[in-house]
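Student: structure for this input, please:
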Amino acid sequence: MATLRSGKKLDSNDNNNETAEEKGKGQVVKDRTTLVVFFGLLIDLLAFTLILPLFPALISHYREHDSSGLFAALENKVDWFRASVGAPVEFNTVLFGGLLGSIFSFLQFIASPIIGGLSDRFGRKPLMVATGVGIAFSYLLWVLSSNFAIFVFARIIGGMSKGNVSLSTAIVTDVTTPATRGKGMALIGVAFSLGFLFGPMIGAAFSMWGKAQQSSDWYVYPAVFALCLSILDVIYFVLVFKESLPVARRNPSTSATFQQALDYINPLQLFRFASLTNLPEKKHCELQQIGLAYFIYLFLYSGMEFTLTFLTHIRFNFTPMQQGRMFLFVGIVMAVLQGGVVRRLPQGTERKAAMGGLLLIVPSFVIVGLCSTMLQLYTGLGLYAASTAFVVPCLTTLVAGYGETHQKGIVTGVFRSLGALGRAAGPIFGSFLYWSLGPELSYAIGGFGLLIPYFMLRRLS
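Tutor: All right, here's what the predicted structure looks like:
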């Protein structure tokens with residue numbers, strides 16, 4: 001009898017050991033998936049940010065070499081907006097770049113919830129590969145963009161395909177628990193920081209090299225480099241990424257998935273997270289508050305961010321290279337904080353951390369708006385970078401906790417789409433404020449306006 005009991009006890013211990021071992025292997029696989037997403041997103045963001053410092057040179061190029069007539073038509077619209085807000089003629093190029101950026105963000109606003117919803121039905125990997133192929137095709141069109149119409153078409157395809165960020169967020173949500181989710185979201189933030197740190201530097205190098213070559217098709221070289229990175233990213237996900245959403249956890253209805261996705265093209269439905277009908281009313285209201293707070297944050301934030309180049313050029317005579325160093329400083333501060341602090345935040349502190357970041361950005365905007373020395377400027381930028389490092393990853397972690405497993409894609413897609421809508425409208429509003437009221441007052445309004453999302457988050461239980 002004793003022998004039997006002892007044998008049973010031994011069997012039980014063996015089973016426990018096997019269970020622990022299986023859990024350990026499962027955790028390794030999940031950690032590996034998060035790292036796979038991190039490196040894939042980093043490759044994509046290096047290609048995506050490469051074009052940012054090239055916009056002035058590209059606009060100058062198409063002003064001289066466009067055979068489609070589209071550039072002249074759009075430039076008349078931009079010049080009308082410049083005159084209406086009172087901006088000097090030399091900032092036409094900056095405003096033109098802002099217009100292209102707003103179009104790209106608006107297309108993301110439309111595409112993100114659709115791509116996220118489809119991934120809830122068909123899995124993350126097929127949609128991640130499909131968006132990668134779309135992005136690669138947009139870079140191929142850029143290579144072939146002998147006139148401005150082709151270049152704009154390339155940006156349209158790129159904006160409609162740019163759902164991989166919300167997909168990355170959904171994948172991290174799939175493979176993390178509430179206790180580890182903040183670390184995963186912070187890693188996505190680190191990928192953004194590194195991408196925006198090194199991508200523009202690569203683009204600036206191509207810009208300088210292209211001018212030295214004095215070639216009429218110099219833009220082909222950075223476009224080919226971006227195309228190669230995007231093809232590498234597609235191959236990487238095909239070979240390395242393992243599906244994170246099992247069939248049993250997917251949305252079973254294709255028609256319901258498409259209906260959900262189409263509903264979110266309506267902005268009112270988007271802000272209401274309308275198709276998540278099975279959430280408790282209190283949770284649904286909380287999700288709507290977080291989404292609205294995120295939209296207001298990026299609407300005001302992107303407007304001030306866009307006008308920063310106006311301020312530094314007028315007040316300090318910054319060259320494009322000095323602008324690049326300024327954003328390099330911001331990127332380094334963000335990467336250090338996200339990699340060293342944000343990813344180690346204890347579970348449950350995300351809301352307070354986001355609120356702290358929102359409070360921090362108020363003095364940062366005021367200091368930047370009033371600055372008269374480089375020390376004051378970089379002090380304000382340091383606070384600005386610190387606040388940015390916390391707000392977006394923490395809000396993303398917060399919103400990822402809502403909805404059922406088969407709804408995570410559409411929840412994160414809608415959240416990302418709200419941010420894209422804010423980024424699309426923010427530069428227009430920010431430019432209007434800047435040229436109408438001046439930097440001091442416009443930055444103060446933008447900074448204190450960010451107390452609105454702070455108090456919205458404070459109301460959450």
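Student: show me what the helix or strand where residue 431 lies is packed up against.
Tutor: In the assignment (DSSP states H and E), residue 431 maps to helix 408-437. Packing contacts for helix 408-437, counted by 3 or more Cβ pairs under 8 Å, 6 or more residues apart in numbering; DSSP states H and E, involve helix 70-85, helix 92-122, helix 164-175, helix 267-272, helix 281-316, helix 374-399, helix 439-449. C-beta coordinates here come from the backbone N, C-alpha and C atoms, glycine included.
Student: for the fourth one, packing partners?
Tutor: Judged by 3+ Cβ pairs under 8 Å, 6+ apart, the packing partners of helix 267-272 are helix 281-316, helix 408-437.
Student: next secondary structure element downstream of the lowest-mean-pLDDT helix or strand in the chain?
Tutor: Sorted by mean pLDDT, DSSP states H and E, the helices and strands of the chain end with helix 2-50, the least confident at a mean of 66. With elements assigned by DSSP H and E, the helix or strand that comes after helix 2-50 is helix 55-65.
Student: residues in contact with that next one?
Tutor: Contact with helix 55-65 is made by 51, 71, 75, 93-94, 96-97, 100, 147-148, 151, 207, 210-211, 216, 218-219, 320, as judged by Cβ atoms under 8 Å, 6 or more residues apart in numbering.
Student: relative to residue 289, how far out is the closest residue to residue 452 other than its chain neighbours?
Tutor: Leaving aside its sequence neighbours, residue 452 sits nearest to residue 296 (Cβ to Cβ, 6 or more residues apart in numbering; 5.5 Å). Relative to residue 289, residue 296 is positioned 11 Å away (Cβ to Cβ, to the nearest Å).
Student: quick check: the gap between the closest residue to residue 66 other than its chain neighbours and residue 386.
Tutor: Spatial nearest neighbour of residue 66, excluding adjacent residues (Cβ to Cβ, 6+ apart): residue 148 at 4.1 Å. According to Cβ to Cβ, residue 148 and residue 386 sit 39 Å apart.
Student: out of the contacts of helix 55-65, which are buried?
Tutor: Listed as buried from those are 51, 71, 75, 93-94, 96-97, 100, 147-148, 151, 207, 210, 218-219; burial here means 16 or more other Cβ atoms under 10 Å.
Student: which one of those is nearest to residue 111?
Tutor: When the buried ones among the contacts of helix 55-65 are ranked by distance to residue 111 (Cβ to Cβ), residue 100 comes first, at 16.7 Å.
Student: and the closest one, what pLDDT?
Tutor: Among the per-residue scores, residue 100 shows a pLDDT of 83.
Student: please look at it and residue 155 and confirm they touch.
Tutor: Yes. Contact status for residue 100 versus residue 155: in contact at 6.2 Å, counting by Cβ atoms under 8 Å.
Student: how close does the closest residue in space to residue 417 that isn't next to it in sequence get to residue 331?
Tutor: Spatially, and ignoring its direct neighbours in sequence, residue 417 is nearest to residue 112 (4.0 Å; Cβ to Cβ, 6+ apart). From residue 112 across to residue 331, the span is 24 Å (Cβ to Cβ).
Student: so between those two, which is more surrounded?
Tutor: residue 112 (32 against 23; other Cβ atoms under 10 Å).
Student: what residues are up against the closest residue in space to residue 381 that isn't next to it in sequence?
Tutor: Leaving out its chain neighbours, the residue that sits closest to residue 381 by Cβ to Cβ, 6+ apart is residue 330, at 5.8 Å. Residue 330 is in contact with 381, 384-385, 388, counting by Cβ under 8 Å, 6+ apart.
Student: nearest to residue 245 among those residues?
Tutor: Closest to residue 245, out of all of the contacts of residue 330 and judged by Cβ to Cβ, is residue 388, at 29.8 Å.
Student: would you confirm that the closest one contacts residue 335?
Tutor: No. Residue 388 is beyond contact range of residue 335, at 11.1 Å (criterion: Cβ under 8 Å).
Student: low-confidence regions, the protein specifically.
Tutor: Flagging of the chain using pLDDT under 70 yields the residue ranges 1-29, 210-211, 213-215, 258, 260-265, 275-277, 320, 406, 461.
Student: quick test: name the residue nearest the centre of it.
Tutor: For the chain, residue 165 is the residue whose C-alpha lies nearest the centre (Cα atoms, centre = their mean; 6.4 Å).
Student: would you mind measuring from that one to residue 316?
Tutor: According to Cβ to Cβ, residue 165 stands 33 Å off from residue 316.
Student: tell me the helices in the stretch 151-300 of the chain, going along the chain?
Tutor: Assigned by DSSP state H, counting those that start in this stretch, the stretch 151-300 of the chain shows helices spanning 164-175, 178-213, 220-240, 254-263, 267-272, 281-316.
Student: other SSEs contacting the first one?
Tutor: This points to helix 164-175. Counting contacts by 3+ Cβ pairs under 8 Å, 6+ apart, helix 164-175 packs against helix 2-50, helix 92-122, helix 124-143, helix 178-213, helix 408-437.
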